[in-house]
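**Q** with the input below, show me the fold.
(one chain, ligands or ions: 1)
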Amino acid sequence: MLQTEDIQEYFRQSREAAKRAYNPYSHFSVGCVLIDQAGKVFPGCNIESASYSATLCAERVAAAQAIAQGSRNWDSIFIVSPSGVSPCGVCRQFLFEFAPQLQVYLGTLTTDEVRGPIALTELLPMASGLQQAVIQAQA
Ligand code: THU
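**A** Predicted coordinates for the structure are as follows:
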């Protein structure tokens, strides 16, 4: 169970990550930190593209960094944005691939308002995951 101080520290690091957002189109800064089960922290920020659909959300950037560094067992993710948005559908699915039990915390860039922990499965009910995909492919 995370302590209040840890939660505050992870939100602080998420806000630092949001400062690194590359967002010349939306001007909407999102930052996050993904925490693995060993307590290792992987930051992410949104990275936009002139080809809009190539944009990467902060959550997928953090997840890709973790995977590339050999971390796949994740505990929680802290996400901050101007309005405290929750992860998009693509990111929910992307995170679910590795961490169906992930806990999600939402916050803003400027306030102490926190939502969470929210189970990823609550955000993505009846999710399609690796298990079902493999079992169905073999059936
Ligand atoms: N965005 C994220 O990075 N994460 C979210 O959870 C929601 C949206 C980004 C995508 C785009 O760069 C900008 O925020 C506006 O949608």
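
**Q** what's the lengthiest helix in the chain packed up against?
**A** Ranked by residue count, the top helix of the chain under DSSP state H comes out as helix 4-18. Packing partners of helix 4-18 (3 or more CB pairs under 8 Å, 6 or more residues apart in numbering; DSSP states H and E): strand 31-36, strand 41-45, helix 58-68, strand 74-81, strand 103-108. (Glycine included, C-beta is placed from N, CA and C.)

**Q** repeat that with 7 Å
**A** Secondary structure elements in contact with helix 4-18, counted by 3 or more CB pairs under 7 Å, 6 or more residues apart in numbering; DSSP states H and E, are strand 31-36, strand 41-45, strand 74-81, strand 103-108.

**Q** for the residue most central in space within the chain, give its distance to the ligand.
**A** Residue closest to the mean C-alpha point of the chain, counted by CA atoms, centre = their mean, is residue 59 at 3.4 Å. Distance, residue 59 to the ligand, using CB to the nearest ligand atom, to the nearest Å: 6 Å.

**Q** that residue contacts residue 96, correct?
**A** No: using CB atoms under 7 Å, residue 59 makes no contact with residue 96, being 11.4 Å away.

**Q** if we can go back for a sec, what sits against the residue nearest to the centre of the chain?
**A** Going by CB atoms under 7 Å, 6 or more residues apart in numbering, residue 59 touches 32, 44, 77, 79, 87, 91, 95.

**Q** quick one, which of the residues you listed are buried?
**A** For the contacts of residue 59, a burial check counting by 16 or more other CB atoms under 10 Å picks out 32, 44, 77, 79, 87, 91, 95.

**Q** so which of those residues also contact the ligand?
**A** Counting by CB under 6 Å from any ligand atom, 87, 91 from the buried ones among the contacts of residue 59 sit close to the ligand.
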